[in-house]
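Asks: Sequence first, then the predicted structure:
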Amino acid sequence: MATDLRTLAPPGRSALLLMELQRGVAGDLATFPDLTRTCAERGVVGHAADAARTARAAGVRVVHCTAAFRADRAGSHTDNCAFIKGLLRDPGHMLEGSGAAEIIPGLFEPGDLESRRYHGFTPFTGTSLDQTLRSLRVETVVAAGLSLNLGIPGLCLEAVALGYRVVVLTDAVAGTPAEYGDAVLAHTVAPLAARATSAELAAAWRQENA
């Protein structure tokens with residue numbers, strides 16, 4: 001492996017960000033069938049769960065970056081994005097307090113943090129995520145979750161702009177079509193972030209704590 005993860009993502013200065021691994025995105029209430037199918041075929045949720053267990057064992061904070069809408073759409077309604085306008089046509093889509101907005105069972109553990117947003121596609125803008133990470137003395141964010149179409153590239157761009165180093169777990173992310181997601185990893189994510197598998201990350205953090 002070319003990237004030295006022990007140097008790039010030391011446990012004492014890293015956080016694992018799990019992006020939109022919610023029941024309404026990739027779980028039993030998902031409304032994106034192509035994305036859900038790709039996640040299932042590639043074991044995305046399972047690999048993310050493995051990464052979360054590895055992180056906790058290494059003393060790395062796990063942060064769930066989630067999305068939801070209020071029933072009245074306050075703070076979410078926008079006319080500048082066709083995709084969000086399309087989502088909001090469904091009055092029940094990802095409502096705050098609904099099952100769809102819940103984190104996929106088995107991913108959240110006591111001690112984890114949640115950073116929720118109500119607009120846009122990325123976890124830093126309009127949330128306290130940056131302040132939270134800085135208070136934890138985080139310098140590197142390790143990203144997993146969904147999707148490679150919008151959220152993960154946005155996370156990488158924002159994190160780099162804010163001064164963080166970034167690692168993307170290639171077996172714990174997905175996009176649709178699947179081949180497009182692979183191209184995003186190769187041509188958009190690669191200039192911004194290091195890439196590693198969940199197993200490679202686990203090996204590095206085990207060695208660090210040995």
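Replies: Nice, I can see it. In this text the structure is predicted, and so the values were computed from the model without any measurement.
Asks: Using CSV, write down the CA coordinates of the lengthiest strand in the chain.
Replies: Using DSSP state E to define each element, the chain has its longest strand at strand 165-174. In CSV, the C-alpha atoms belonging to strand 165-174 read as follows (Å, rounded to 0.1, in the frame of the first residue of the first chain):
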residue,chain,number,x,y,z
ARG,A,165,-6.5,15.5,5.4
VAL,A,166,-8.9,13.0,4.0
VAL,A,167,-9.0,9.2,3.5
VAL,A,168,-11.9,7.6,1.6
LEU,A,169,-12.7,3.9,2.3
THR,A,170,-13.1,2.5,-1.2
ASP,A,171,-15.1,-0.5,-0.1
ALA,A,172,-17.5,1.5,2.1
VAL,A,173,-18.7,4.0,-0.5
ALA,A,174,-20.9,3.7,-3.6
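Asks: Tell me the helix or strand right after the helix or strand of the chain with the lowest mean pLDDT.
Replies: For the chain, using mean pLDDT, DSSP states H and E, the weakest element among its helices and strands is helix 82-87, scoring a mean of 71. Moving toward the C-terminus from helix 82-87, the next helix or strand (DSSP states H and E) is strand 113-117.
Asks: Measure how buried the residue nearest to Gly24 when sequence neighbours are not counted is and give me the count.
Replies: The spatial neighbour of Gly24 that comes closest, neighbours along the chain excluded (C-beta to C-beta, 6 or more residues apart in numbering), is Ala100 at 2.8 Å. Just so you know, the C-beta spots here come from the backbone N, C-alpha and C atoms, and that holds for glycine as well. Using other C-beta atoms under 10 Å, Ala100 is surrounded by 20 other residues.
Asks: Glu41 now?
Replies: For Glu41, which is what you asked about, the neighbour count (other C-beta under 10 Å) is 10.
Asks: Give me the pLDDT for it.
Replies: Taken from the predicted model, the pLDDT recorded for Glu41 is 97.
Asks: got it, and Gly145?
Replies: The predicted local distance difference test score for Gly145 is 98.
Asks: for it, what are its contacts?
Replies: Gly145 makes contacts with 17-21, 44, 48, 65, 151-152, 172-173, as judged by C-beta atoms under 8 Å, 6 or more residues apart in numbering.
Asks: for the longest strand of the chain, packing partners?
Replies: In this structure, strand 165-174 makes packing contacts with helix 5-8, helix 33-42, helix 44-57, strand 140-146, helix 151-161, strand 194-196, helix 198-209, judged by 3 or more C-beta pairs under 8 Å, 6 or more residues apart in numbering; DSSP states H and E.
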